[in-house]
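Peer 1: Provided below for reference: sequence and predicted model.
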Amino acid sequence: MFNHIQNANLRLKCPLVPLGGNVKGRQGKRRPAVGLETSAPVGKKGRSADLSTLKLPSHGYPTEHPFNKDGYRYILAEPDPNAPFRQEFDESNELSGKPIPGWLYRSLCPGMVLLALHDRAPQLKIAEDRLAVTGEKGYCMVRATHGVSRGSWYWEATVEEMPEGAATRLGWGRRYANLQAPLGYDKFGYSWRSRKGTRFHESRGKHYSPGYGEGDTLGFLIIMPNNASTKYTPNTYKDRPLVKFKSHLYYEDKDNIQESLNNLKPLSGSKILYFKNGECQGEAFVDVYQGCYYPTVSLHKNVTVSVNFGPNFKFPPITEHNFRPMSEKAEEAICEQTMADLLFLTENEGKLRLDNFNL
């Protein structure tokens, strides 16, 4: 566990990422990322290449990477030193061209909460420090690297530049929220719009507060009580297939949108509150759907928004609710991911042993 925490606690800085091409909507036919391979990378003498020697850039995430789109998600993986039979696999000469077992790897947990490079609409421009984003043309969005499913959490956003005709919808969104649409377009997001201060969910706008604009700092508080169905560990992904893209391995996970819609249940006692320059605007939403929510920014035209995940806020909110800054989720997520991986390896030890003999 301690090795996992040390390896994943990277200091993240990121250069400006080249923009991707056009992306089809989520309902369109799947378009695999160019260069994606499902077989093991092959090195000299037909042996599988040792991916543990691959180094990440200083910002902690590959500059060239597959984007989450068309219902598929790609989670960056790294070798799991705690996986059983790790040494036997590394020394094997019989795996050339065969898929690499997913349980030999683990998802790489970022050491800081930042704007995600892969979990965004490709046309958005992400700043070098990954704490600001600029839009382009129609509404599209970017999520943060970390989400929360229980407790009370807070983050800030400042509208740095808002040209005439531009707009924002900011707030909290789940991983299923459509990246090529404004936040609050579907059932997976809750947003606050700059124009007229309207709140949005499922494309239904309702009056909430006065609008906001350039120079304003907005605060976003979500409160999610525990209940009998609260999930305490994230997905491990060790049972998902590994694919190779630009010398790095990723877990490929498919979003089952319809199943997620069928399983939506309101979380009693949950609520979302928004703040403008430190002043609470009141409860925006109550009894939101249970699930994992990410700080989410959606932009219309070339507006620029910076984000602050804490721990030091420009306008610390005055509220009766005890909250944690989103920045604290990074370390907690590493521990939760490690626990999920260890539980998977323990519960499936017998099956993994048989799989090892069949390699």
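Peer 2: Okay, I see it.
Peer 1: pairing partners for the strand ranked longest in the chain, with directions?
Peer 2: Secondary structure of the chain per DSSP state E: the longest strand is strand 151-161. Next to strand 151-161 in the sheet, as set by DSSP bridges, lie strand 217-224 (antiparallel), strand 304-308 (antiparallel), strand 324-325 (parallel).
Peer 1: just the strands in the stretch 1-150 of the chain please.
Peer 2: For the stretch 1-150 of the chain, applying DSSP state E, counting those that start in this stretch gives strands covering 72-79, 105-107, 115-120, 125-126, 132-134, 140-144.
Peer 1: distance to residue 330 and mean pLDDT added to those strands, as CSV?
Peer 2: Quick note: C-beta positions are derived from backbone N, CA and C, even for glycine. Listed next are these as CSV, based on distance: least, C-beta to C-beta, whole Å; pLDDT from 0 to 100:
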stretch, distance to residue 330, mean pLDDT
strand 72-79, 15, 92
strand 105-107, 14, 94
strand 115-120, 13, 94
strand 125-126, 18, 95
strand 132-134, 19, 98
strand 140-144, 10, 97
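Peer 1: same list, these, but as CSV with distance to residue 218 please.
Peer 2: Below are the strands of the stretch 1-150 of the chain laid out as CSV (distance: least, C-beta to C-beta, whole Å):
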stretch, distance to residue 218
strand 72-79, 28
strand 105-107, 31
strand 115-120, 16
strand 125-126, 19
strand 132-134, 14
strand 140-144, 15
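Peer 1: tell me which of those lies nearest to residue 215.
Peer 2: Minimum separation from residue 215 across the strands of the stretch 1-150 of the chain (C-beta to C-beta) falls at strand 132-134, 14.6 Å.
Peer 1: on that earlier part again, ok, and which of the strands paired with strand 151-161 has the densest surroundings?
Peer 2: Across those, averaging neighbours per residue (mean count of other C-beta atoms under 10 Å) puts strand 217-224 on top, at a mean of 23.
Peer 1: out of the strands paired with strand 151-161, the one nearest residue 248 is which?
Peer 2: strand 304-308 (25.7 Å).
Peer 1: re earlier: with just CA atoms, put the longest strand of the chain into CSV.
Peer 2: Once non-C-alpha atoms are left out, strand 151-161 reads as follows in CSV (Å, rounded to 0.1, in the frame of the first residue of the first chain):
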residue,chain,number,x,y,z
GLY,A,151,-19.4,13.6,2.5
SER,A,152,-19.4,17.4,1.9
TRP,A,153,-17.0,18.8,-0.6
TYR,A,154,-16.2,22.3,-2.0
TRP,A,155,-14.4,23.9,-4.9
GLU,A,156,-14.1,27.3,-6.6
ALA,A,157,-14.1,28.7,-10.1
THR,A,158,-13.3,32.2,-11.3
VAL,A,159,-14.5,33.6,-14.6
GLU,A,160,-11.2,35.1,-16.0
GLU,A,161,-12.5,36.3,-19.4
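Peer 1: if we can go back for a sec, got a markdown table for the strands of the stretch 1-150 of the chain, with distance to residue 209 and mean neighbour count too?
Peer 2: Shown next, in a markdown table, are the strands of the stretch 1-150 of the chain (distance: least, C-beta to C-beta, whole Å; neighbours: other C-beta atoms under 10 Å):
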| stretch | distance to residue 209 | mean neighbour count |
| --- | --- | --- |
| strand 72-79 | 34 | 21 |
| strand 105-107 | 38 | 25 |
| strand 115-120 | 25 | 22 |
| strand 125-126 | 28 | 19 |
| strand 132-134 | 23 | 19 |
| strand 140-144 | 21 | 26 |
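Peer 1: between these, which one is nearest to residue 306?
Peer 2: Closest of these to residue 306 is strand 132-134, at 4.2 Å (criterion: C-beta to C-beta).
Peer 1: what comes up buried for the helix of greatest length in the chain?
Peer 2: Ranked by residue count, the top helix of the chain under DSSP state H comes out as helix 329-347. Across helix 329-347, burial judged by 16 or more other C-beta atoms under 10 Å covers 329-331, 333-334, 336-338, 340-342, 344-345.
Peer 1: cool, stretch 202-222 as well?
Peer 2: 208, 209, 212, 217, 218, 219, 220, 221, 222.
Peer 1: closest to residue 288 among the buried residues of helix 329-347?
Peer 2: Nearest member of the buried residues of helix 329-347 to residue 288, counting by C-beta to C-beta, is residue 329, at 17.9 Å.
Peer 1: could you list every residue that touches that closest one?
Peer 2: Going by C-beta atoms under 8 Å, 6 or more residues apart in numbering, residue 329 touches 113, 146, 147, 148, 153.
Peer 1: many thanks, I have nothing further to ask.
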